[in-house]
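*Asks:* fold the stuff below for me.
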Amino acid sequence: MYNNVKIYKSTSLILVIVFFISCVNTNSIEKKIREKIEKDCQNEDCYIPITELTFFTWDKMFVFNYPSSPDDIDQALGMHYPHYVEFTRSIIFLNNNQIVHYENNDTKVEAPTEGEVLFDYPDSLNYQVYIPGQKIFKVKRKKSKNISYYLLSVK
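*Replies:* Numbering: from 1, shown residues only. As a prediction, this is how the structure comes out:
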């Protein structure tokens with residue numbers, strides 16, 4: 001009986017660990033951008049080619065630097081966005097007006113978080129659309145209150 005309980009607890013622990021590992025988004029474009037910057041961008045003139053970091057075909061990339069409402073995202077995309085998560089920054093890729101990849105990245109409204117990737121576009125816009133011709137971004141390392149983050153602008 002004691003051995004069965006021990007085996008049950010061990011199996012349960014392994015299943016919990018596997019579950020949490022599977023929940024981590026290893027395909028996150030923001031994570032891939034951050035890793036590429038940290039690995040390859042040691043000088044001021046560093047460029048990130050987004051198409052080299054994507055594993056899918058896309059013709060539009062919608063970037064929402066700050067939390068947007070579901071209506072704002074729907075209006076920008078021209079369709080309903082069924083993956084909305086409140087208080088996140090969305091990056092949404094379309095191909096032929098179909099969502100081919102999306103991510104809802106954590107954010108703090110007051111300031112960037114450590115390692116956050118932001119795209120440089122006017123504050124007057126709620127979002128920005130990029131096409132594959134605008135796929136290469138210049139990287140700027142920024143600091144704010146002892147937090148390092150990255151700002152990407154079109155080359």
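
*Asks:* list the contacts for Glu103?
*Replies:* Applying Cβ atoms under 8 Å, 6 or more residues apart in numbering, we find Glu103 in contact with 25, 28-30, 90-91. Where you see a C-beta, it was placed from the backbone N, CA and C, and this is true even at glycine.

*Asks:* backbone torsions only: list them for it.
*Replies:* With angles defined as degrees, to the nearest 10, Glu103 sits at phi -150, psi 150.

*Asks:* report pLDDT for it.
*Replies:* Glu103 is assigned 97 on the pLDDT scale.

*Asks:* and the one 3 residues further on, by the same measure?
*Replies:* At Asp106, the pLDDT value in this model is 90.

*Asks:* enumerate the beta-bridge partners assigned to it.
*Replies:* Here Asp106 sits in beta bridges with Thr88, as judged by DSSP bridges.

*Asks:* just to check, it is in contact with Glu114?
*Replies:* No. If you go by Cβ atoms under 8 Å, Asp106 and Glu114 don't touch, sitting 10.9 Å apart.

*Asks:* just the buried positions in stretch 31-38, please.
*Replies:* Neighbour-count burial for stretch 31-38, counted by 16 or more other Cβ atoms under 10 Å, picks out 31-34, 36-37.
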